[in-house]
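Student: From the sequence below, what's the structure:
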Amino acid sequence: MSINTYELLKKDGLAKRGRLHTVHGTIETPVFMNVGTAAAIKGAVSTDDLRTIRTQVELSNTYHLHVRPGDEIVKKLGGLHRFMNWDRPILTDSGGFQVFSLASLRKIKEEGVHFNSHIDGRKIFMGPEESMQIQSNLASTIAMAFDECPSSVADKKYIANSVARTTRWLKRCKDEMARLNSLPDTINPHQMLFGINQGGVYEDIRIEHAQQISELNLDGYAIGGLAVGESHEEMYRILDAVVGYLPEDKPTYLMGVGTPANILEGVERGVDFFDCVYPSRNGRHGHVYTNHGKMNLFNAKYELDDRPIEEGCGCPACRSYSRAYIRHLLKAKEMLGMRLCVLHNLYFYNTMMEEIRDAIDAGQFQEYKKKKLEGMMQK
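Tutor: Numbering: from 1, shown residues only. This is a model prediction of the structure:
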């Protein structure tokens, strides 16, 4: 099998069971990417831990690594894989979402975006070429195209103009990525490029944009600009409308989503790739996912509870420690408490994705989804 090939192995309804071959190994899909914004999972989780909990893909942030330590430094140290001691696939986002989230600090123009660093206020310019250059320096497996992520409440005219510019930027990203991959000093000359579908909550803009970017024959396609303030129902409506207009023979990535329920709904609609900060962020606050609903380990009822977070769970926390002990660590503000909760949550997500893949393989995804959702609705 050649590098950078996606195989659609099976469908169960619209749910896709795929396999993406990359220069850094094969990704079994559907997959949840574990978010390590600054080249580390928050909560003192090492890349050895990620291997232990069966992480397939790590996701890092282009903007944050550009600001600190600097993508040129990462390149001098051999690229992101070598820098963080991770030999499996890495996806880097483009910095486009930071343009959205740093609204008070930025100015968008045709050539790109001028904005101020959130760390020291220094002026930064990022356009399609700069984003591709940074991601090439990082040498990730998959680079994301530079886009604008407009607010979900922006008016239709603004979103239409924004999406048209995102399309123009995407073509520039593709040209620049091809140029960078051909250079002799490029660390990863097989770097892949995923384009991003935008359009807010407007189905017609989304569909037209999906049709336009599908013609560019990219390595994969993401749906961006969701989970930014609209309701879950609106998000599912947009997925119902747009996924069918993206190439079935390429990976489909729903950016920044989400809860276990969101992921199950996304898989049902044909999504392959997911990422979200929820498992690590919630874990750092003592909120842990189980097959019987979410638990807050700060609650007093766990003070004398000597059971693991979840009976039968094989994560490092559940194999060795009780709810009572982890609660004590959290109350005492010991880093180990946060770390154990993050490891449990990421293991829960990674295991859920394995179960989803097995269910699609068996043609039983609907039954699995129903049972999983019913279990997690318990308190």
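Student: rest of the way, CA atoms for contacts and neighbours
Tutor: Will do.
Student: Check whether Ile53 really touches Asn345, as I assumed.
Tutor: No. Ile53 lies out of contact with Asn345 (C-alpha atoms under 8 Å); the separation is 10.0 Å.
Student: Between those two, which has more neighbouring residues?
Tutor: Taking other C-alpha atoms under 10 Å, Ile53 and Asn345 do not tie; Asn345 has more neighbours (25 against 21).
Student: for that one, what are its contacts?
Tutor: Going by C-alpha atoms under 8 Å, 6 or more residues apart in numbering, Asn345 touches Pro279, Ser280, Gly283, Val288, Tyr289.
Student: And the strands in the stretch 51-200 of the chain?
Tutor: Under the criterion DSSP state E, counting those that start in this stretch, the stretch 51-200 of the chain contains strands at 58-61, 90-93, 106-108, 113-116, 123-126, 142-144, 192-197.
Student: Mind checking the pLDDT average for the second one?
Tutor: Just to be clear, that refers to strand 90-93. Mean pLDDT, strand 90-93: 97.
Student: what does the fifth one give?
Tutor: On average, the pLDDT along strand 123-126 is 89.
Student: So which residues of the stretch 1-150 of the chain form helices?
Tutor: Using DSSP state H, counting those that start in this stretch, the helices of the stretch 1-150 of the chain run over residues 47-52, 62-67, 71-76, 80-84, 96-101, 128-138.
Student: With the stretch 151-300 of the chain instead?
Tutor: With DSSP H, counting those that start in this stretch as the criterion, the stretch 151-300 of the chain has helices spanning 156-181, 203-214, 232-242, 260-268, 278-284.
Student: Export those as JSON lines, with columns for mean pLDDT, mean neighbour count and distance to Gly36.
Tutor: Below are the helices of the stretch 151-300 of the chain laid out as JSON lines (pLDDT from 0 to 100; neighbours: other C-alpha atoms under 10 Å; distance: least, C-alpha to C-alpha, whole Å):
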{"stretch": "helix 156-181", "mean pLDDT": "97", "mean neighbour count": "19", "distance to Gly36": "23"}
{"stretch": "helix 203-214", "mean pLDDT": "98", "mean neighbour count": "19", "distance to Gly36": "28"}
{"stretch": "helix 232-242", "mean pLDDT": "97", "mean neighbour count": "17", "distance to Gly36": "25"}
{"stretch": "helix 260-268", "mean pLDDT": "98", "mean neighbour count": "21", "distance to Gly36": "19"}
{"stretch": "helix 278-284", "mean pLDDT": "97", "mean neighbour count": "22", "distance to Gly36": "9"}
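Student: okay, these in a markdown table with distance to Ala317 next?
Tutor: Listed next are the helices of the stretch 151-300 of the chain as a markdown table, based on distance: least, C-alpha to C-alpha, whole Å:
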| stretch | distance to Ala317 |
| --- | --- |
| helix 156-181 | 42 |
| helix 203-214 | 42 |
| helix 232-242 | 31 |
| helix 260-268 | 20 |
| helix 278-284 | 12 |
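Student: Pull the contacting residues for Glu303.
Tutor: Contact analysis of Glu303 by C-alpha under 8 Å, 6+ apart lists Arg323, Ala324, Arg327, His328.
Student: Weed out the non-buried ones from these.
Tutor: Arg323, Ala324, Arg327, His328 (16 or more other C-alpha atoms under 10 Å).
Student: give me the low-pLDDT residue ranges for the stretch 1-150 of the chain?
Tutor: The stretch 1-150 of the chain contains residues with pLDDT under 70 at 1, 99-100, 103.
Student: distance between the ends of stretch 231-251?
Tutor: 25 Å (C-alpha to C-alpha, to the nearest Å).
Student: residues in contact with that stretch?
Tutor: Residues contacting stretch 231-251 (C-alpha under 8 Å, 6+ apart): 6-8, 18, 20, 201-203, 206-207, 210-211, 214, 219-221, 226-227, 252, 262, 265-266, 269-273.
Student: Centroid-wise, who is the farthest residue in the chain?
Tutor: Leu304 (36.6 Å; C-alpha atoms, centre = their mean).
Student: before we move on, what SS does that residue have?
Tutor: coil (DSSP: H, G, I helix; E, B strand; the rest coil).
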